[in-house]
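Engineer: I need the structure of the sequence given here:
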Amino acid sequence: MTDPHFRVEVLARTEHPQTLCWWAMHQDYSENFVFDEDPPGESEAGAICVKRLLAGDRGHYGCYSDDTLVMTDTGWKAWPDVTTDDLLLAVDIETGAGRFEAPQALHAYAVAPGDHLYAAASQRLDQLVTHDHRMVVSSRRKDGTWRDFRFEKACDVVGRPVRYRVTSELACADRRLPLDRPGGVDFADVLRLAGFYYGDGVRSSNIDPGCLRFRLRRERKINYLQELGSSVGVLEPRANDRYTLYCDHVASWIEKNFSTEHGKTVPFWLVRLPRPELLAFLEGLRSSDGTRYKPTTARGGESWAVDSCEKDALERIQAAAVLNGISVQLLLNNPNEGSQHTNHRPCWRLSFNYDRPFARFEACHGRTRGTEEAVAYEGFVYCATVSTGALLVSRNGKPVVSGNCLEHPAITFNVGGFPHAVMQQARTHRVGVSFDVQSGRYTGKRILDVCTGDRDAEEVFYLRPVGTYRDRQGKKYDYTEDQRIVHRIICIDSAGRYKLALENGFSEEHARDIIPYAIRQDFVVSFNLRSLLHMFDLRFKKDAQLEIQQMCELMWPHFASWAPEIAEWYEKNRLLKGRLAP
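Structural biologist: Coordinates of the predicted model:
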């Protein structure tokens with residue numbers, strides 16, 4: 001029996017949610033501006049969404065694997081670590097231009113047992129996404145030219161030759177110079193020296209902090225350092241191919257930003273550097289030790305590589321280069337495994353290709369340019385919603401522009417009378433969901449009303465009905481009337497102790513520490529349609545806590561009247577089946 005104080009009411013909801021889903025889905029495939037097209041009726045739109053988006057166990061979440069990285073304003077970041085405080089790169093799929101912006105929503109969903117993801121891999125690409133994920137692809141015309149980039153579902157590009165965008169161009173408004181950059185010298189020369197130092201500099205506890213040390217043998221590199229030295233300081237040769245560059249504040253600034261006590265590093269601000277300054281840093285890096293330089297490639301443009309054991313630093317350099325239209329891949333060059341490499345770390349190679357912003361993918365017609373397959377997957381998939389509908393992501397060191405989740409219809413509930421524990425469970429659903437919760441600091445009068453008799457104790461505190469229940473191990477136990485009376489007395493006693501604490505000068509937030517979990521707590525919660533279905537997946541199951549099951553039970557009629565065709569499909573195929581892992 002549902003507690004008489006439990007309530008769920010709708011405060012607001014998107015009108016015609018199934019039609020809105022149809023519009024969003026249809027724009028993926030339509031050659032036209034869908035605003036100018038006549039949509040089907042709400043019921044027919046719902047039936048189409050069920051057929052094309054939900055039916056067939058294709059997985060309706062449209063997200064990335066947990067080992068995929070996404071571009072933020074500080075470089076690459078693993079999806080599980082992304083928060084709403086991060087700024088993600090939103091990419092215009094037509095021009096490749098990118099802007100950093102806060103995500104409109106973050107999404108994380110557990111994959112149903114037995115589900116598979118779509119895997120596509122080649123020399124320049126590596127993606128692992130759900131089958132309905134929105135890929136950003138260009139297809140080839142009969143005359144050999146390429147069409148404009150558009151969104152297509154992963155399941156629809158299988159077996160087709162397509163190409164992907166693998167770089168972006170960060171907007172000028174999002175570029176920054178470091179505030180602490182040294183004055184009195186050309187900053188581009190300072191960055192050239194920083195790049196050269198990253199590749200060839202010797203980290204040591206210098207007696208004189210105003211110098212940088214190098215060990216050079218090649219005449220090309222010695223000449224390069226001499227040219228830099230003349231603009232930023234004084235270069236003095238030492239014994240055994242050693243060189244010391246005296247440059248006072250420039251040296252201390254480079255040491256601070258590009259080295260640590262454990263190794264070389266690269267600062268976060270490199271990602272946002274204006275293009276001329278970044279190219280200056282890359283010039284110094286390319287001229288340093290450990291690089292291979294080729295004036296041209298078979299496809300035109302420059303191609304070179306740099307090796308390092310500092311993977312995090314190389315990832316940040318890659319991020320900065322990709323945001324300037326340079327195709328860069330990060331691959332393991334030498335694992336340095338075995339007894340002969342006891343003290344060695346893996347060596348990584350960062351490979352640069354200029355003038356190659358696109359990567360062709362083909363796994364058909366007997367000409368294998370890549371592989372694609374359905375891969376068994378366990379765990380969570382992730383995504384974010386941004387204004388352009390596309391993000392810059394990377395997997396196994398290979399960046400690509402790809403789509404994000406579409407989360408259009410939304411509904412807002414006012415949930416009341418449930419115990420504090422239900423609110424806590426509901427708030428673990430943090431993606432595509434917004435909460436405002438009744439404050440325990442400012443709503444203490446209701447507790448005082450219990451002491452004065454102005455409110456019944458069970459208006460403020462929740463007690464389960466007398467009956468038979470099961471514990472987490474499935475063992476039955478009885479909750480008797482006598483036990484319930486004792487719990488009611490405990491709640492009333494806690495209200496009295498709360499009142500006494502306030503009279504003794506305690507603050508409200510201090511006094512509430514003695515209030516039990518049974519306190520009822522109202523809240524307002526907004527779901528997008530997809531996140532609401534995910535809530536039902538996890539909290540409407542038979543083994544979910546009783547009270548949150550009852551919350552879902554009260555939400556269900558509102559959902560069914562709001563999106564009836566989708567609700568009908570969900571009730572038949574997923575409701576109460578707990579298909580997703582908790």
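
Engineer: His107 should be in a strand, yeah?
Structural biologist: Yes - the assignment for His107, made by DSSP: H, G, I helix; E, B strand; the rest coil, places it in a strand.

Engineer: which one is Asp471 nearest to, not counting chain neighbours?
Structural biologist: In this structure, Asp471 finds its nearest non-sequential neighbour in Tyr477, 6.5 Å apart by Cβ to Cβ, 6 or more residues apart in numbering. For the C-beta atoms, the positions are set from N, CA and C on the backbone; glycine is no exception.

Engineer: report the contact partners of the one you found.
Structural biologist: Residues in contact with Tyr477 (Cβ atoms under 8 Å, 6 or more residues apart in numbering) are 468-471.

Engineer: show me those that map onto strands.
Structural biologist: When the contacts of Tyr477 are checked against strands (DSSP state E), the matches are 468-470.

Engineer: of the residues you listed, just say which sits nearest to Tyr118.
Structural biologist: Proximity to Tyr118 was ranked across the ones in strands among the contacts of Tyr477 by Cβ to Cβ; first place goes to Arg470, at 40.1 Å.

Engineer: what separates that closest one from Gln545, distance-wise?
Structural biologist: If you measure Arg470 against Gln545 using Cβ to Cβ, to the nearest Å, the figure is 11 Å.

Engineer: neighbour count: the two, which is higher?
Structural biologist: When Arg470 and Gln545 are compared for neighbours, Gln545 comes out ahead with 15 against 11, by other Cβ atoms under 10 Å.

Engineer: between the ones in strands among the contacts of Tyr477, which sits nearest Gln318?
Structural biologist: In terms of Cβ to Cβ, no member of those lies closer to Gln318 than Arg470, at 52.7 Å.

Engineer: who's in contact with the closest residue to Arg497 other than its chain neighbours?
Structural biologist: Leaving aside its sequence neighbours, Arg497 sits nearest to Ile514 (Cβ to Cβ, 6+ apart; 5.3 Å). Ile514 is in contact with 494, 497-498, 501, counting by Cβ under 8 Å, 6+ apart.

Engineer: which ones among these map onto helices?
Structural biologist: The subset of the contacts of Ile514 located in helices under the criterion DSSP state H comprises 494, 497-498, 501.

Engineer: just the buried members of those?
Structural biologist: Buried subset of those (neighbour count, 16 or more other Cβ atoms under 10 Å): 494, 498, 501.

Engineer: distance of the last one relative to Tyr197?
Structural biologist: Taking Cβ to Cβ as the measure, Ala501 falls 62 Å from Tyr197.

Engineer: which members of the contacts of Ile514 are the farthest-apart pair?
Structural biologist: Maximum pairwise distance in these, criterion Cβ to Cβ, is 10.3 Å, between Ser494 and Ala501.

Engineer: what count of nearby residues applies to the residue nearest to Asp241 when sequence neighbours are not counted?
Structural biologist: What sits nearest to Asp241 in space, not counting adjacent residues and going by Cβ to Cβ, 6+ apart, is Arg217, at 5.1 Å. When counting by other Cβ under 10 Å, one arrives at 9 neighbours for Arg217.

Engineer: isn't Arg217 right up against Arg242?
Structural biologist: No - with contacts counted by Cβ atoms under 8 Å, Arg217 stays clear of Arg242, the gap being 10.4 Å.

Engineer: off-centre distance for stretch 546-554?
Structural biologist: Computed by Cα atoms, centre = their mean, to the nearest Å, the chain-centroid distance of stretch 546-554 equals 30 Å.

Engineer: and that stretch, what's buried?
Structural biologist: For stretch 546-554, using 16+ other Cβ under 10 Å, the buried residues are 547-552, 554.
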